[in-house]
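Whatever this is, show me its structure:
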Amino acid sequence: MITGDVVGLRAIEHDDLASFLEWRNKPNLRKNFREYKELSFSNQENWFNNIVLNSPNHIMFSIVNLENDELIGACGLNYIDWVNRNADLSIYIGIGDVYIDEKFAPDTTKLLLDYGFNELNLHRIYVEIYDIDVKKQKLLEDLNFTFDGLLRETHWTEGKWCNSLFYSILKNEYSLK
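Residues are numbered from 1 along each chain as shown. The predicted structure follows:
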């Protein structure tokens, strides 16, 4: 387990899938994800088997609260480009519909950055979010990610188009902290 101040990152177990499915299907959380439909347990198992267990380009973790060892969310480095050494960071706290908070999310993100830069030797870690995702925007800005730009009207949710926002941080920028 990779441990921070308040969270631990551990391998995802099959037993975690039911909680992930419940969280990913909540409309208030799903609007921030790329999925547009309800997921089935079969969808979740396919993701587990194809991405978590068998893809060298995705490294996913369960997030646990160190205080009580409770599963609280999921995170990972996705679409890893091993030649150009960059990856897409994903994170959400599903327990209690938190999504992104000021306690668990920053600790988790710092652990992923440290793991990506110092263990995997990545050069750049980026995030694509939607402009309705104000909580994650604040998290990224607080952790000194750079706003790289936007793509207009890429995501349809709640009856309107949203823009995709792109943020990134480079290894040498992270090292300066």
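
average model confidence for whatever helix or strand W47 lives in?
When elements are assigned from DSSP states H and E, W47 belongs to helix 41-47. Averaged across helix 41-47, the pLDDT comes to 86.

oh, and call the first residue 251 from now on, that's how I've got it
In the new count, where the first residue is 251, that last one comes out as helix 291-297.

what's the distance between L393 and E378?
Distance, L393 to E378, by Cβ to Cβ, to the nearest Å: 16 Å. (Each C-beta comes from the backbone N, C-alpha and C, glycine too.)

neighbour-wise, which of these two wins?
A count of neighbours by other Cβ atoms under 10 Å puts E378 above the other of L393 and E378, at 20 against 16.

For that one, give me the pLDDT.
pLDDT for E378: 96.

Likewise for L426?
Model confidence at L426, given as pLDDT, is 53.

What of Y349?
What the model reports as pLDDT for Y349 is 87.

how about the nearest residue to N315 once chain neighbours are set aside, phi and psi?
In space, and not counting its chain neighbours, N315 is closest to I322: 5.1 Å by Cβ to Cβ, 6 or more residues apart in numbering. Dihedral pair for I322: phi -130, psi -10, per degrees, to the nearest 10.

Strands of this protein, start to end?
With DSSP state E as the criterion, the chain has strands at 252-253, 257-260, 309-315, 320-331, 336-343, 374-380, 396-407, 410-420.

any chance of the ones you listed in CSV, plus distance to D266?
Listed next are these as CSV, based on distance: least, Cβ to Cβ, whole Å:
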stretch, distance to D266
strand 252-253, 16
strand 257-260, 9
strand 309-315, 5
strand 320-331, 6
strand 336-343, 13
strand 374-380, 23
strand 396-407, 26
strand 410-420, 27
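
Nearest to L279, out of these?
strand 336-343 (6.6 Å; Cβ to Cβ).

Report the rounded mean pLDDT for that closest one.
On average, strand 336-343 scores 95.

could you give the angle of it to strand 309-315?
30 degrees (axes from the mean of the first three to the mean of the last three Cα atoms, to 10 degrees).

How many neighbouring residues does D319 have?
Residues contacting D319 under the criterion other Cβ under 10 Å number 10.

Phi, psi for D351 please.
Backbone torsions of D351, given as degrees, to the nearest 10, read phi -130, psi -170.

didn't it look like it was pressed against I343?
Yes - between D351 and I343 there is a contact at 5.9 Å, judged by Cβ atoms under 8 Å.

Same drill for the two, tell me which one is more crowded.
Neighbour totals were compared for D351 and I343, and I343 leads with 24 against 16 (other Cβ under 10 Å).
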